[in-house]
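In: Just the structure for this:
(2 chains)
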There are 2 protein chains.
Amino acid sequence: MNGAHALLGTLCANGVSVCFANPGTSEMHFVASLDDAPEMRAILCLFEGVATGAADGYARVTGKPAATLLHLGPGLANGWANLHNARRARVPLVNIVGDHATYHAQYDAPLQSDMDSLARALNGWQKRTMSPDDVARDAAEAISAAYGPPGQIATLILPADSSWGALSEDPAAWPVAVRRPESLPDDHMLERALELLRTKKAAIFVGGTATSKEHLGLTKRIASACSARFMIETFPAIIERGAGIASPERLIYLSEFASAQLAELEALILIGTNEPVGFFAYPDIPSTVVARSCEVVALAPPGTDTLFTLRELAEGLDAPAVPPESGEVPRAPSGALNRQSFAAAVAATLPEGVIVADESNTTGTDLFNATRFAPPHRWMTLTGGSIGFGLPVAVGSAVASAGRVLALQSDGSMMYTPQALWTMAREGLDVTVVGLSNRSYAILNYELQRVGATMEGATSQRMLEIDDPELDLAAIASAQGVPSLRVTTSEELTSALERSYATPGPMFIEAMFSKGLGA
Amino acid sequence: MNGAHALLGTLCANGVSVCFANPGTSEMHFVASLDDAPEMRAILCLFEGVATGAADGYARVTGKPAATLLHLGPGLANGWANLHNARRARVPLVNIVGDHATYHAQYDAPLQSDMDSLARALNGWQKRTMSPDDVARDAAEAISAAYGPPGQIATLILPADSSWGALSEDPAAWPVAVRRPESLPDDHMLERALELLRTKKAAIFVGGTATSKEHLGLTKRIASACSARFMIETFPAIIERGAGIASPERLIYLSEFASAQLAELEALILIGTNEPVGFFAYPDIPSTVVARSCEVVALAPPGTDTLFTLRELAEGLDAPAVPPESGEVPRAPSGALNRQSFAAAVAATLPEGVIVADESNTTGTDLFNATRFAPPHRWMTLTGGSIGFGLPVAVGSAVASAGRVLALQSDGSMMYTPQALWTMAREGLDVTVVGLSNRSYAILNYELQRVGATMEGATSQRMLEIDDPELDLAAIASAQGVPSLRVTTSEELTSALERSYATPGPMFIEAMFSKGLGA
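Out: Okay, here's the model as predicted:
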């Protein structure tokens, strides 16, 4: 038995049964060992950012880590941006990064690099396994670390000789990864939160893992019982939504609007997430969005038992049940494609149980409201702000789920990781992608006014436009094996969505908006 | 005047007049300032790996740094893999990475990350500029550091408030970047090298910047005068080649063949590069390729005056002039496409002055010999082993050169940075791309036998094949505005190459090889 076998054995024994892979020479023994590990589903990705984003999506849906398989420092670097998003989503994720053989590192061969610093920049767990005999133990430790809670990125650096070398003896059993128990809220803090909820203008602010139907229902009960507001972070990793599911007020993205939204609050009770802050800094706008006079209680930080805490709050307030919310779903729209009709078309056709990967950015501002009372579904957002997450996360969530995934994907962002489409085709994943074509970095046109930059010239303006030449998104999809079509009206979009939901496998719908829409 | 103006002023005043950019919110003031800096050519890239690879190509051709413009940690990470190749090419390169405003960092906003560790992993120069008044000085320092010699990656991290903030007073003049003088060889080492060349079975081994026509001619003279071998590193950054240019023997890629190639040597004199080592480690194959009994003299390490050193050697040996080498160029081939006919078609049509970006990998093994006596041209190779370098480097070298660039691009590798094609179309760059379709990670099929991994099952084999679905490379190019066509015979390839050389702007030629060719 070699180290690669020990690695696969440990992963599978601990329920890590999917690996999103972009292997190279140093990972060949891992690849060869796949034939002896039929429980492991290995999924090839053409670019590492697809593999890491897919592992993020898989974890958001299942709560379990997937493995990635990456090739040395450049492989880890190519996967880093979507690992950043996964880190911000606080999902468990196990990176397996092949490295030169231990004795080869000293020679500074061309692919040698400071991989430890790259891994360190992920602020998670990392270890280099120096012997085949240590592989199983270190892999179990990586899985344990990934689980947390809260979830984090665990990076296991595996020198080639630790992978190909024989174990001195076969292990009697695979080591077991241990998930640390979630911690409980401090009693004093719980009392303080209850007091604030009873007596002050308060909001309960949820995020992280406190976004399931059960969490949201409980929070709604608590908020109703004490007339508190019920809010959610701007970019949740995944949230259950739709008819019959309690729906929180979403914190606005832009700092000054978020500040206004929170201005009247005297107390903010945090459940599953941290205090919200401005996404970017802007001249003369504060970085913080919570008023200085507002008391913030970090009652259930990430990694704690949020459900227990919510139950304690509900009990403390003797909070009665609340009737399920209901409301109208927009009707299928007609006419030109714009933000409103796009949102209505998505909402009117949304199938029950769908998982939405939302990287619609400026085109998608109306989506969240429009879909509020659609059939129950889950929604994933860009937690870390690193664009190019939508298609890879859709790959991973489709692997994790038996149902349909809907990826709403802006054109500029799509071009960071277009290779994800190929994996959708290869694996026959039930993903509907709507490629939103506005031929512009519309958000930058918007942001540049906000940072006080004035662009008067053609040179600067041209840096925000991507219409010369125009990208043919549908062709980029079909070139990678995903059936595609282009729509220019609301009716065409509605009809294409319906058709794709009824058709197994991936489909790409390029929706043509007016240029710069969203700016 | 704000920090962004000071940055652009300093860059332009010091000859850094091209910026490959993928900006975000934190870089908006830089973008806005472009309108006041007409000397700066800003080139938009859809992915950061394109921007960094382009800056690498630009520097290989001109010897001068270009700037990149990247967005926070994820932007630097996405550009990292091609920065790794640039580091191994020892080119000067100035990264400008926008960051959150200095006072915003403490809030751990979603895009906050450990950018310092990412930059540190590039083993170059790095600095964070904390005030608008320091921008000009730090930018000049970055350019100085980038030049070295040897060239290196200089990363200037620019918090948004250093960019948008006003300078307390306008500078009287822009600070001047200083290039350190190259050092000269040690006299004793020079004497030792001369003695070894006179008395031992020796080779002069060149690389780095010692690959110009003048360097190669001098080295050939020296080698001829003392019956030494004249060799070059396996993956030079850029080398002048073709009719009338002295042609060295290239070190073989595979360790055991390289060891055999060097086995008889008693002395190895290094000029412009370091001692060669095995690219990867393999079980039971040594990491080193130079025999233990061979005396290695690091006579002119990277960053030293290699031309001076070669002149000293030539003088010390009283080396006479040698006649220019000549030989036959293959004739235009006919029939099926294979490695031989592909190489012949390239060689038979190669225009004088072309710059070749070679990421042909396993399909291109016959190219170097076939083109030896083609009209004078330059050849660039994958210095750092991080695939996805070919198209981006072609972008940068086309920006740097008035002539034609020929990118020879394997399919698997192309899919790491296909977005480079869009920038070729947008800028109307004279790049001919040959996309080499063998629908396989052929090199991995080859390497896996060498690492001793045996793959008997369909699962593992499927991880090395990219033919399900097949990629339509030509469609990926035309979807991004690059005219494309597909060829299946030698005659079609020859004809397409000739047509592209006669047509301004980019053209993409997809060459269909048999599946797995090269494995």
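In: switch to C-alpha atoms for all contacts and neighbour counts from now on
Out: OK.
In: what's next to stretch A:407-416, contact-wise?
Out: The list of residues contacting stretch A:407-416 from outside it, by Cα atoms under 8 Å, 6 or more residues apart in numbering or on different chains, reads A:356-361, A:363, A:387-391, A:394, A:431-441, A:466, A:473, B:46-47, B:419.
In: Now that stretch: average pLDDT?
Out: For stretch A:407-416, the mean pLDDT works out to 98.
In: cool, and stretch A:367-376?
Out: Rounded to a whole number, the mean pLDDT of stretch A:367-376 is 97.
In: Would you indicate which residues of it are buried?
Out: Along stretch A:367-376, these residues count as buried under the neighbour rule (16 or more other Cα atoms under 10 Å in any protein chain shown): A:367, A:369-376.
In: Same question for stretch A:460-479.
Out: A:460, A:462-479.
In: What's the end-to-end length of it?
Out: When the termini of stretch A:460-479 are compared using Cα to Cα, to the nearest Å, they are 32 Å apart.
In: Any part of it near chain B?
Out: Yes - Stretch A:460-479 lies in contact with chain B when judged by Cα under 8 Å from any Cα of the partner chain; the contacting residues are A:460, A:463, A:468-473, A:475-476, A:479.
In: Please flag which of those sit within helices.
Out: Using DSSP state H, the members of the residues of stretch A:460-479 next to chain B that fall within helices are A:460, A:473, A:475-476.
In: Need the max-distance pair from those.
Out: Taking Cα to Cα as the measure, those span a maximum distance of 28.9 Å, between A:460 and A:475.
In: which ones are touching the residue in the stretch 301-450 of chain A that chain B sits nearest to?
Out: Here the stretch 301-450 of chain A gets closest to chain B at one residue, residue A:384, 4.8 Å apart by Cα to the nearest Cα. Applying Cα under 8 Å, 6+ apart to residue A:384 gives the contacts A:84-89, B:110-111.
In: Just the element for it, please.
Out: If you go by DSSP states H and E, residue A:384 is not part of any helix or strand.
In: Could you check how far it is from residue B:159?
Out: Counting by Cα to Cα - residue A:384 and residue B:159 are separated by 18 Å.
In: Just the closest of the residues of stretch A:460-479 next to chain B to residue B:266, please.
Out: residue A:479 (53.8 Å).
In: Is it correct that the closest one is in contact with residue B:477?
Out: No - under the criterion of Cα atoms under 8 Å, residue A:479 makes no contact with residue B:477, lying 9.6 Å away.
In: Identify the residues contacting residue A:441.
Out: Each residue near residue A:441 by Cα under 8 Å, 6+ apart is listed here: A:412, A:464-466, A:516.
In: try residue A:265
Out: Residue A:265 is in contact with A:201-203, A:291, A:294, counting by Cα under 8 Å, 6+ apart.
In: Scan the residues you listed and report the most crowded one.
Out: Neighbour counts for the contacts of residue A:265 were taken using other Cα atoms under 10 Å in any protein chain shown; the highest belongs to residue A:202, with 26 neighbours.
In: Nearest residue to it in space, please, no chain neighbours.
Out: Excluding its sequence neighbours, the residue lying closest to residue A:202 (Cα to Cα, 6 or more residues apart in numbering or on different chains) is residue A:267, at 4.5 Å.
In: quick one: that neighbour and residue A:205 touch, right?
Out: No - at 10.2 Å, residue A:267 and residue A:205 do not qualify as touching, with contact defined as Cα under 8 Å.
In: list the buried ones in stretch A:307-316?
Out: Across stretch A:307-316, burial judged by 16+ other Cα under 10 Å covers A:307-314.
In: Now the terminal residues of stretch A:112-128, how far apart.
Out: Stretch A:112-128 stretches 14 Å from its first residue to its last (Cα to Cα).
In: who touches it?
Out: By Cα under 8 Å, 6+ apart, the residues outside stretch A:112-128 that reach it are A:72-73, A:76-77, A:80, A:83-84, A:87, A:100, A:105, A:138, A:142, A:145-146, A:152-159, B:84, B:113-115, B:117-118, B:120-123.
In: next one: stretch A:61-71
Out: Residues from elsewhere that reach stretch A:61-71 (Cα under 8 Å, 6+ apart): A:16-27, A:48, A:51-52, A:55-56, A:58-59, A:76, A:91-99, A:143, A:146-147, A:238, A:397, A:400-401.
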